[in-house]
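**Student:** next input, structure requested:
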Amino acid sequence: MANVSSDKPNIRQVASIAGVSHMTVSRVLNDHPNIKPDTRRRVLEAIEELDYRPNLVARALATQRSRRLGVIVESPVAFGPNSILRAVEFAARAADYSVTPIALNEGDQLSPQDAVESLITQGVDALCVIAPRSSSVAALRRISISVPILVVKADADPTFLTVSIDQHAGTTLVVDHLVALGHRDILHISGPLDWLDARARERAFHSRAKSWGIRERPIVVGDWTADFAYDFAMGLSRLPDYTAVFVANDDMAIGFIHGLHDKGFEVPRDLSVVGFDDVPLARHFLPPLTTVRQDFTSLGSAVVEMLRAAIEEREIPTLTRIPTEFVPRASSARPREMR
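**Tutor:** Now for the predicted structure:
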């Protein structure tokens, strides 16, 4: 290998060490598909040897791209949306992209159109929308958007790219687990049904429960907060007829268990409770919470890869749903009448 200059390395030094043209180095840096594996390897080794850092401003001028993704995230303090945003930021950084997020909170004056216009003005190459409400998606359809846009939602969409955690499969795992334990009367506490993830879990619950012949019981529509579920549990005048509760997220599940405890009921002796998310404290709660783990890291990588493919006019990856993992713990057990 050639001696490394003490000056700040440049693309032509990388090309000289790798034995290629500077245009080939540029193609490797931009993930051009028509590069031989051996050539790519030599270029990457030269980059590592020189500790070369591309001039992002020069690259943006050459490609007319900013290598920046705009992200619109609803309720960013909630566990799911915040986890997805962090995963997208991490995956984007690994791909040499930056992320500019804008938060939409309920009651804010900022509209989806305001958010889109702000990000487009900042020169983003593509847009991602995290944890959308159905009203937000409807608003996006009415906006003319000049860059690729991806919406993190469970159902395919003719207007946008989509990718999501497989909400249907995760919910199916919950119902199957409770049925296997012997439960035939299960209550569902959902999230707000304007939220697409909440709607997807609610529909999947009813579909799977019906296939098992479980009693049809009206759902309780929550607001994602532990306080809501705590108050609902405190409103119970007696032990209910249902023997298990599927709660649409872990925060509400933990609040519900807390309320049951304060009412003198015990989980899982009196009621089994299952959540969704696997928040970090779920395994340390008493009892440790049975739940569904979402692979946010894989979701973030899929978001960035799909948007990069769209930006670079490559074939879009076909994977649109990320598998979930069921995590059984001590908050679910056989129904009380079977003990």
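**Student:** contacts and neighbour counts: CA atoms only from here.
**Tutor:** Noted.
**Student:** quick one: low-confidence ranges for the stretch 1-150 of the chain?
**Tutor:** For the stretch 1-150 of the chain, the stretches with pLDDT under 70 are 1-7, 30-33, 53-65, 76.
**Student:** how about the strands of it, start to end?
**Tutor:** For the stretch 1-150 of the chain, the strands defined by DSSP state E, counting those that start in this stretch cover 68-74, 98-104, 126-130, 149-152.
**Student:** can I get those in JSON lines with mean neighbour count?
**Tutor:** Shown next, in JSON lines, are the strands of the stretch 1-150 of the chain (neighbours: other CA atoms under 10 Å):
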{"stretch": "strand 68-74", "mean neighbour count": "24"}
{"stretch": "strand 98-104", "mean neighbour count": "18"}
{"stretch": "strand 126-130", "mean neighbour count": "24"}
{"stretch": "strand 149-152", "mean neighbour count": "24"}
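**Student:** residue 229 is nearest to which of those?
**Tutor:** strand 68-74 (21.3 Å; CA to CA).
**Student:** next one: that closest one to chain centre, how far?
**Tutor:** Computed by CA atoms, centre = their mean, to the nearest Å, the chain-centroid distance of strand 68-74 equals 13 Å.
**Student:** need the contact list for residue 259.
**Tutor:** 229, 230, 231, 232, 233, 234 (CA atoms under 8 Å, 6 or more residues apart in numbering).
**Student:** would you list the buried entries among the residues you listed?
**Tutor:** Buried by 16 or more other CA atoms under 10 Å: 229, 230, 232, 233, 234, out of the contacts of residue 259.
**Student:** from the residues you listed, which single one is nearest residue 334?
**Tutor:** Using CA to CA, the buried ones among the contacts of residue 259 come closest to residue 334 at residue 233, 20.5 Å.
**Student:** are we agreed that that closest one is in a helix?
**Tutor:** Yes. Checked against DSSP: H, G, I helix; E, B strand; the rest coil, residue 233 lies within a helix.
**Student:** make sure it is actually in contact with residue 264.
**Tutor:** No. Between residue 233 and residue 264 there is no contact under CA atoms under 8 Å: 10.6 Å.
**Student:** now tell me what touches the helix or strand encompassing residue 306 from outside.
**Tutor:** Remark: residue 306 resides in helix 296-311, with elements defined by DSSP states H and E. Contacts to helix 296-311, defined as CA under 8 Å, 6+ apart, come from residues 83-92, 125-128, 147-150, 161, 163-165, 315-317, 319-320, 322.
**Student:** flag every buried residue along that helix.
**Tutor:** In helix 296-311, residues buried by neighbour count (16+ other CA under 10 Å) are 296-308, 310-311.
**Student:** quick check: next helix or strand after that helix?
**Tutor:** In N-to-C order, the element after helix 296-311 by DSSP H and E is strand 321-322.
**Student:** and that following strand, what does it pack onto?
**Tutor:** If contacts are counted by 3 or more CA pairs under 8 Å, 6 or more residues apart in numbering; DSSP states H and E, strand 321-322 sits against strand 161-165.
**Student:** so how far is the strand it packs on off the chain centroid?
**Tutor:** The chain centroid and the centroid of strand 161-165 are separated by 8 Å, computed with CA atoms, centre = their mean.
**Student:** tell me which strands that strand pairs with, and in which orientation.
**Tutor:** Here strand 161-165 has these sheet partners by DSSP bridges: strand 149-152 (parallel), strand 321-322 (parallel).
**Student:** what's the following helix or strand after it?
**Tutor:** Counting by DSSP H and E, what follows strand 161-165 is helix 167-181.
**Student:** tell me the buried residues in that following helix?
**Tutor:** So, applying 16+ other CA under 10 Å, buried residues of helix 167-181: 167, 168, 169, 170, 171, 172, 173, 174, 175, 177, 178, 179.
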